[in-house]
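Undergrad: Could you work out the structure for the sequence below:
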Amino acid sequence: MIGKGLGGLKQVIVVRKDIVMGRGKLAAQAAHAAVMAVERARLARRDWLKLWFLTGQAKVVLRVEGLKELLDLESQAQTMGLPAARVQDSGLTQIPSGTVTCIGIGPGPVEVIDKLTRHLKLL
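TA: Below is the predicted model of the structure:
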């Protein structure tokens with residue numbers, strides 16, 4: 001069974017710390033990242049997605065200092081074979097259109113995601 005030897009599955013949402021957003025806006029951006037990454041997983045790693053749903057859909061929200069760090073993380077996630085999705089705001093409320101706010105990574109094996117994100121702090 002997938003997951004037994006993997007130590008479980010999780011999803012991480014990584015948010016930029018350098019953007020000023022209200023709590024509701026931040027929550028909406030994180031939700032976009034979670035849904036978009038799940039859709040990527042549905043196409044690329046249906047096995048991981050199914051097990052993740054069956055085991056409680058673990059997720060963690062982390063932060064990075066700025067855009068470069070966020071984009072580097074997204075690129076590394078893709079190189080590692082993890083589903084990853086970038087959120088760009090539509091600009092209808094608090095921030096300019098096209099602003100990259102966060103990324104969703106996974107669901108994927110905990111040890112793989114942790115290898116990529118263990119240095120990041122919780123939001």
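Undergrad: in this structure, which spans are strands?
TA: Secondary structure of the chain (DSSP state E): strands at 9-16, 59-64, 84-88, 100-109, 121-122.
Undergrad: Quick one: mean pLDDT for the longest one?
TA: Same thing as strand 100-109. On average, the pLDDT along strand 100-109 is 98.
Undergrad: so where's the protein uncertain?
TA: Judged by pLDDT under 70, the chain has its weakly predicted residues at 1-7.
Undergrad: In it, which residue is most central in space?
TA: The chain has residue 104 as the residue nearest its centroid, 1.8 Å off, counting by C-alpha atoms, centre = their mean.
Undergrad: Can you list the neighbours in contact with the lengthiest helix in the chain?
TA: Taking DSSP state H as the criterion, the chain has its longest helix at helix 23-44. Helix 23-44 is contacted from outside by 11, 13-15, 21, 48-49, 52, 59, 61, 83-87, 89, 93-95, 101-108, using C-beta atoms under 8 Å, 6 or more residues apart in numbering. From N, CA and C alone the C-beta is placed, and that goes for glycine too.
Undergrad: can you rerun that using 7 Å?
TA: By C-beta atoms under 7 Å, 6 or more residues apart in numbering, the residues outside helix 23-44 that reach it are 11, 13, 15, 21, 48-49, 59, 61, 83-85, 87, 89, 93-94, 101-107.
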